[in-house]
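1. any chance you could fold what I've pasted below:
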Amino acid sequence: MGAEFVQLSLTPILIGVLAAVACALPGNFLILRRQALIGDAISHVVLPGIVVAFLLTGTIAAAPMLLGAAGAALVAVILIEAVRRLGNIEPGAAMGAVFTTMFAAGVLLLEQTNTSSVHLDVEHALMGNLESLVWLWAEGWHSLLDPAMLATLPDELPRIALVCAFVIAMTLIFWRWLKIATFDESFAQALGIPSSAVGLGLVIVAAIAAVAAFDAVGSIIVIAMFICPPAAARLITNRLEHQIIWSVGFATLAAVLGYVLAGYGPLWLGSPSAISAAGMIATVSGLILAGACLFGPRRTGMDVSWQDTP
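-> Numbering: from 1, shown residues only. Got it, this is the predicted structure:
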């Protein structure tokens, strides 16, 4: 039983947890800055960028994917500004129009190009391929101590682990700047903190997390994890440090419980087949947020002020 779990379930669960945490951490600050839509936007924008990068290079290596996503983000910013100025509409409406259009363009590119052979198609873009990221070479828990066995791990695991470590490191290194610039931009500028650069850096880190998670877990989990765990955590506590911890806990719970329910839930209900792990993980994260809205001690609002983080 232990060997079967290590082979079929350990790596997908680890990848799901790491992807969820990598997205939830910057999501905390995006929500507090009232920029939660940016997380949703990033997850939409990366799709056409990734597809174009693959079509130009013929590879799904991390570097071309990141460059493609960055290029798509730049195009999105230019289009948003053009739509906002030419159409004389509010920024939120311009963002919604551009991001949904770019995501639709990415879906069309996937449909019209032969990318399914490298697991880059509409289904994988939306749901990811979490269930297929198994470690068949493993012989049991002792394989975790065998360098030769570790070399056979799915490539997605070390990749998302590295990105998750990077996101955690950036959060710790720039913690003071992030905290001050998030709650009081004017005060941050008075202290000499480059608040605009901090905001840009936050978006860049969020984009890196989204690109790294996109291939393995798909856009559904990326969107859910940017918003649901941080929002639920904000309804639980009024201290930023505690909010970060709660959001990581919620993200981990959603990834683990969602994967288990996707695989075994239908069997418990008498159905012979499993369901999408990505869809179930996103559903569980939504249920956690719903529970926080109903029973959280701060469910009456999410006002942001320095008094909230003594």
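2. what residues does Thr100 make contact with?
-> By C-beta atoms under 8 Å, 6 or more residues apart in numbering, the contact list for Thr100 reads His44. Every residue, glycine included, has its C-beta placed from N, CA and C.
3. okay, and it sits in which element?
-> Here Thr100, judged by DSSP states H and E, is contained in helix 91-112.
4. do Ile275 as well
-> Going by DSSP H and E, Ile275 is not in any helix or strand.
5. ok, now Gly291?
-> helix 277-295.
6. name the residues of that helix that are buried.
-> Using 16 or more other C-beta atoms under 10 Å as the test for burial, helix 277-295 gives 277-285, 288-289, 292.
7. now, which of the residues you listed sits nearest Ala151?
-> Ala277 (25.2 Å; C-beta to C-beta).
8. correct me, but that closest one touches Gly265?
-> No. Counting by C-beta atoms under 8 Å, Ala277 stays clear of Gly265, with 10.7 Å between them.
9. report the buried residues of the lengthiest helix in the chain.
-> Of all the segments of type helix in the chain, defined by DSSP state H, the longest one is helix 195-234. For helix 195-234, burial by neighbour count (16+ other C-beta under 10 Å) applies to 195, 198-199, 201-203, 205-234.
10. ditto for stretch 151-161
-> 153-154, 156-157, 159-161.
11. repeat that for stretch 179-195.
-> 179-185, 188, 193, 195.
12. just the ones in helices from those, please.
-> 179-183, 185, 188, 195.
13. turn these into a markdown table, columns for pLDDT and distance to Cys23.
-> A markdown table is the format used below for these (pLDDT from 0 to 100; distance: C-beta to C-beta, whole Å):
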| residue | pLDDT | distance to Cys23 |
| --- | --- | --- |
| Lys179 | 89 | 20 |
| Ile180 | 88 | 23 |
| Ala181 | 86 | 20 |
| Thr182 | 85 | 17 |
| Phe183 | 84 | 22 |
| Glu185 | 78 | 24 |
| Ala188 | 80 | 25 |
| Ser195 | 81 | 23 |
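14. which one of these is nearest Ile38?
-> Ile38 lies nearest to Thr182 out of these, by C-beta to C-beta, at 13.3 Å.
15. which residues does Gly68 contact?
-> 46, 49-54, 56.
16. so where does it fall, helix or strand?
-> Short version, using DSSP H and E: Gly68 is in helix 62-87.
17. returning to that earlier point: the helix holding Gly291 versus helix 195-234: what angle between them?
-> 80 degrees (axes from the mean of the first three to the mean of the last three C-alpha atoms, to 10 degrees).
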